[in-house]
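K.L.:
Just to be clear, the model below is a prediction. Sequence and coordinates:
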Amino acid sequence: MLFIRVVARLYMIDTLVNLFNFCFPFLLIIGFVIFIIKMVLRQRVRFINEQKQIAANLGLNYVPPLSKSTGYPSIEGQMNQFYARIGYRVINESSFDHRIIYQTFQISFPHSLNMGLMIKPEGVINKLLSNVMTNDDVKVNDKLFDDTFNIQVADPNYLMQFLTLEIKTLMYNSAVSLSQLGVNFTINDIMIQGERIFRPEPQNQQMYYIINEFVTIATALTNQ
């Protein structure tokens, strides 16, 4: 009788060991998945709290995402006489469901400049096109400025008066400093806007600098 009990217990132990060996890989996978989910949720909570703090520091409104678990918030409101907005733009690439997230910055003017104006970075493609065909790139007889920006405007003569040396210097210096942060900006009659690839690490000070540079440019342009 004792022998039977011993055998039964050994059989039970062996069964439990086999069951554990069978289940262990699945338990390991489940544990890893739970760990990843917790890490993602922790990063999202940190990101949301950072956005709220940035909005408060700038005196702007925090606008929550449509979904608590997905999507991105925005920061917007009045900065001086301008309407400011910091948001996010997601591009889904077809290959492997890869996503690129852009952080966007926008300053809207209180009134239109009414110039038919478009100022954008003078990229490599624009330079190549200007060498092989006629385009609408207006030159202002300032080599540094002309090499930095591509300009279209309804009245080039008025533009020459509008873009004072102080404004051209300000815009050039901003373009150089912002490009080091991965930001290129465009200007039209009603706003300044720019974007850069979003990185998850904290970049609060850079965001303050970028939006305040936009405000400085907008102030110079709208005070003319």
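P.N.:
Noted; the coordinates are in hand. Residues are numbered from 1 along each chain as shown.
K.L.:
Show me where this protein has its helices.
P.N.:
Assigned by DSSP state H, the helices in the chain fall at 2-58, 124-132, 143-148, 156-162, 165-179, 204-222.
K.L.:
Which of those comes out lowest on mean pLDDT?
P.N.:
Lowest mean pLDDT within the helices of the chain: helix 124-132, at a mean of 47.
K.L.:
residues in contact with residue 169?
P.N.:
Residues near residue 169 by Cβ atoms under 8 Å, 6 or more residues apart in numbering: none. No exception for glycine: its C-beta is placed from N, CA and C like everyone else's.
K.L.:
Ok, residue 114 next?
P.N.:
Residue 114 is in contact with residue 189, counting by Cβ under 8 Å, 6+ apart.
K.L.:
What's the separation between it and residue 162?
P.N.:
11 Å (Cβ to Cβ, to the nearest Å).
K.L.:
Over to residue 206?
P.N.:
Per Cβ to Cβ, residue 206 is found 30 Å from residue 162.
K.L.:
can you check residue 182 too?
P.N.:
Per Cβ to Cβ, residue 182 is found 29 Å from residue 162.
K.L.:
List the beta-bridge partners for residue 191.
P.N.:
For residue 191, the beta-bridge partners are residue 108 (DSSP bridges).
K.L.:
Does it touch residue 107 like I think?
P.N.:
Yes - taking contacts as Cβ atoms under 8 Å, residue 191 lies within contact range of residue 107: 6.2 Å.
K.L.:
Neighbour count: those two, which is higher?
P.N.:
residue 107 (27 against 17; other Cβ atoms under 10 Å).
K.L.:
Check the more buried one and give its pLDDT.
P.N.:
pLDDT for residue 107: 97.
K.L.:
Wait, it touches residue 213, no?
P.N.:
No - look at residue 107 against residue 213 with Cβ under 8 Å: they stay out of range, at 9.6 Å.
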